[in-house]
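Visitor: Kindly generate the corresponding structure for this input.
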Amino acid sequence: MREKINFIESAKKSLEGLNLSLIKLDEGFDRISVEGGTINLDVCNTEKIEKVVFSSIQLNKMSVSEESVIVWPEDGYDLPVMWLNLTRLTGMNIAVFDFLPLMDIVVWEEYGENFLPALVSAKKRAIEAFKGEIIEKDFDLSSIVAWTLSPYNMVLQLTDAGLFLIPAVINDYCSIYTGLWKNASLFPNDEESNFCKRKKKAVRKLMKENDAGYPIMTNIFGEEITKKVFDIIF
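Guide: Predicted coordinates:
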């Protein structure tokens, strides 16, 4: 029997400082249930944030579950995307914690300086918190979705016991992001703003088109529903 942790609820509680408002989805898309699995979606927004997507996907026959939180900034603001994810398969727990840059951090150093030092510190604290519960510290994602990640991303394979340490790490990352959100401002010129918009569009396209779960979900939920769910998430 799988151990229970409140990944999504932990993230919602940790992001209360964003003062999120729930977005009404098309009828039936907040809770989808078929014989082979279930999908739960909550989408919110607030000032400076296009959408925050809380998603929980359960594939029954394969004993696979994925819980994810993605924060997409509003166009023009100097924020990264926050991606927190927990995928559980039989005998394997993979956790992703990262702030995805929407600018070239070499060309625009000040953008990276806004959040990368805090991200480095958060990763160090998380590694220390998980301690002996890490099976693999630098787990390789099989998809080119990994190309979107920051230099200080954290992708871990955890023991079952390590799952119970996740809520504290979620809280740390969400607290940092809330601080970034409070201090976020619009880019000062069109060159930076336009690049950020182009990068965000490219990031969501790459993530959507290369998610390893898409073909599996189409077999269970059908092409139409799966495409709509991915449009909501990304």
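
Visitor: In contact with the spatially closest residue to residue 32 that is not a sequence neighbour, which residues?
Guide: Closest residue to residue 32 apart from its sequence neighbours, by C-beta to C-beta, 6 or more residues apart in numbering: residue 39 at 4.2 Å. Where C-beta positions appear, they are placed from N, C-alpha and C, glycine not excepted. By C-beta atoms under 8 Å, 6 or more residues apart in numbering, the residues touching residue 39 are 31, 32, 33, 55, 56, 57, 58, 221, 229.

Visitor: Of those, which is the nearest to residue 19?
Guide: The closest of the contacts of residue 39 to residue 19 turns out to be residue 55 (C-beta to C-beta; 20.9 Å).

Visitor: Surely the residue nearest to residue 32 is within a strand?
Guide: Yes - counting by DSSP: H, G, I helix; E, B strand; the rest coil, residue 39 falls inside a strand.

Visitor: is it in a bridge, and if so with what?
Guide: residue 32, residue 57 (DSSP bridges).

Visitor: how close does it get to residue 233?
Guide: 10 Å (C-beta to C-beta, to the nearest Å).

Visitor: intersection of neighbour lists for those two?
Guide: residue 55.

Visitor: so residue 171 touches residue 10, yeah?
Guide: Yes - Residue 171 lies in contact with residue 10 (C-beta atoms under 8 Å); the separation is 6.9 Å.

Visitor: Which one's more surrounded, these two?
Guide: Legend: neighbour count by other C-beta atoms under 10 Å for residue 171 and residue 10, higher for residue 10 (20 against 15).

Visitor: Am I right that the more buried one is in contact with residue 170?
Guide: Yes - with contacts counted by C-beta under 8 Å, residue 10 reaches residue 170, the gap being 4.7 Å.
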